[in-house]
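> Have a look at this prediction, sequence included:
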Amino acid sequence: MRAIGYQTAGAINAHNALENIILAKPIPTGFDLLVEVKAISVNPVDTKIRASSSAPAGEYKILGWDAVGVVKAIGDKASLFNVGDEVWYAGDISRSGSYAEYQLVDERIVGHKPQTLSNAQAAALPLTSITAWELLFDRLGLPQDGSATDARILIIGAAGGVGSIITQLAVKLTGAEVIGTASRPESATWVQSLGADSVINHNHPLSQELAKLDIADVTHVISLTQTDKHYDEIVKVLRPQGKLALIDDPVEPLDVMKLKRKSLSLHWELMFTRSLYQTEDMIAQHHLLNRIAEFIDTGTVKSTFGEHYGTINAQNLLKAHAQIESGKAIGKIVLEGFSQ
């Protein structure tokens, strides 16, 4: 099968940063599905791993944690899908990824693809949807029935891939007031289109930006980028007994003692935790992906598809990685099909 991989970690402009290669087609066992990959999207995690983690000697590392495809074979313990089913998933960071024509993935972290989206549109969503869902409802414990009318959520980096889904889910399901942050006019317009009640600029102190809206504090902060840069302002704007959730990797350590005076709680979200540790509730990702698919098919949530970078090959993936690393991507970068 055709695949795109690399052997030595490094910068995107390094020699053989990503290569077109040929590998043996894998065989499913246990709970695995063998999926023929039709479309993928590129996430920041792809670029981080490429830059920092080399493959074992003599082997290739295959990245990619967003995919849409068709089930071609199933393992002996798999029962949730049939051959021919169209599926979507974000995979398992400890296994070979979706930059390949065929991929093995545990069925418990796979959902049925939304019927109303093309392969490319659907590929933009699994990883960010899982992250957004788990952060809002599993980590922060917000309700899904619109009853959080006394809550006020500040989403830092609302225009990004995860932020775009969190904003929609928070607006449509929680009942809370939702404030997103964005630093560029086009980003602010995007966040407004997702339904946010207000948009502020995170290049300015958050407390000052909120004060312009006559907002004194917020009950929840969802920090998706540069948490260390905003940390003191986050503590300042959070209401006593408020909650902070984050997904990024702060460059500077966070001083948790700053949370004590207000009895603030800290919540981490990593959507790979369930698959990495084979948790008892691992199948929750199967169920939530199916819920997201239903929301998409009923028009409750829209795809965060941004740009189509063409077929899945090393040249196009190099361009996608460079764009992700520039920090200027709006919506998700998607690739579809394999070059002949």
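Received the coordinates, thanks.
> quick one: contacts for the residue sitting nearest the centre point of the chain?
Nearest to the geometric centre of the chain sits Thr128, at 2.4 Å (Cα atoms, centre = their mean). Thr128 makes contact with Asn43, Gly161, Val162, Ser164, Ile165, Thr304, Lys332 under the criterion Cβ atoms under 8 Å, 6 or more residues apart in numbering. Every residue, glycine included, has its C-beta placed from N, CA and C.
> quick one: which helix or strand includes it?
helix 126-133 (DSSP states H and E).
> What strands line up against the helix or strand of the chain with the lowest mean pLDDT, and which way round?
Every helix and strand of the chain was ranked by mean pLDDT, DSSP states H and E. The lowest is strand 305-308, at a mean of 87. When pairs are called by DSSP bridges, strand 305-308 turns out to pair with strand 332-336 (parallel).
> So which residues of the protein form helices?
Assigned by DSSP state H, the chain shows helices spanning 44-52, 119-123, 126-133, 161-169, 185-193, 206-211, 227-237, 273-276, 284-297, 314-326.
> Would you format those helices as JSON lines with mean pLDDT and distance to Gly69 included?
Shown next, in JSON lines, are the helices of the chain (pLDDT from 0 to 100; distance: least, Cβ to Cβ, whole Å):
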{"stretch": "helix 44-52", "mean pLDDT": "94", "distance to Gly69": "17"}
{"stretch": "helix 119-123", "mean pLDDT": "95", "distance to Gly69": "8"}
{"stretch": "helix 126-133", "mean pLDDT": "96", "distance to Gly69": "11"}
{"stretch": "helix 161-169", "mean pLDDT": "94", "distance to Gly69": "20"}
{"stretch": "helix 185-193", "mean pLDDT": "93", "distance to Gly69": "28"}
{"stretch": "helix 206-211", "mean pLDDT": "98", "distance to Gly69": "41"}
{"stretch": "helix 227-237", "mean pLDDT": "98", "distance to Gly69": "34"}
{"stretch": "helix 273-276", "mean pLDDT": "97", "distance to Gly69": "17"}
{"stretch": "helix 284-297", "mean pLDDT": "97", "distance to Gly69": "14"}
{"stretch": "helix 314-326", "mean pLDDT": "94", "distance to Gly69": "17"}
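> With Glu252 as the reference, measure out to the residue nearest to the centre of the chain.
Distance of Thr128 to Glu252, given as Cβ to Cβ, to the nearest Å: 25 Å.
> Over to Lys332?
28 Å.
> So these two - more neighbours on which side?
Lys332 (26 against 9; other Cβ atoms under 10 Å).
> ok so, going back, which other residues reach the least confident helix or strand of the chain?
Contacts for strand 305-308 (Cβ under 8 Å, 6+ apart): Ala120, Gln121, Ala124, Gln323, Ala329, Ile330, Gly331, Lys332, Ile333, Val334, Leu335, Glu336.
> again, 6 Å this time
Ala120, Gln121, Ala124, Ile330, Gly331, Lys332, Ile333, Val334 (Cβ atoms under 6 Å, 6 or more residues apart in numbering).
> try stretch 61-77
Contacts of stretch 61-77 (Cβ under 6 Å, 6+ apart): 3, 5-6, 28-41, 46, 55, 81, 83, 85-86, 88, 90-91, 96-100, 113, 119, 122-123, 126-127.
> Next: stretch 171-182.
142, 144, 146-149, 151-156, 158-159, 167, 170, 188, 191, 195-200, 202, 300.
> Narrow those residues to those that are buried.
Neighbour-count burial (16 or more other Cβ atoms under 10 Å) applied to the contacts of stretch 171-182 gives 142, 148, 151-156, 158-159, 167, 170, 188, 191, 196, 198-200, 202.
> Out of the residues you listed, list just those in strands.
Secondary structure from DSSP state E places Arg152, Ile153, Leu154, Ile155, Ile156, Ser198, Val199, Ile200 of those in strands.
> what about the residue nearest to Ala322 when sequence neighbours are not counted, neighbour count?
Distances taken as Cβ to Cβ, 6 or more residues apart in numbering place Ile12 nearest to Ala322, at 5.2 Å, with adjacent residues excluded. As a burial measure, Ile12 scores 18 neighbours (other Cβ under 10 Å).
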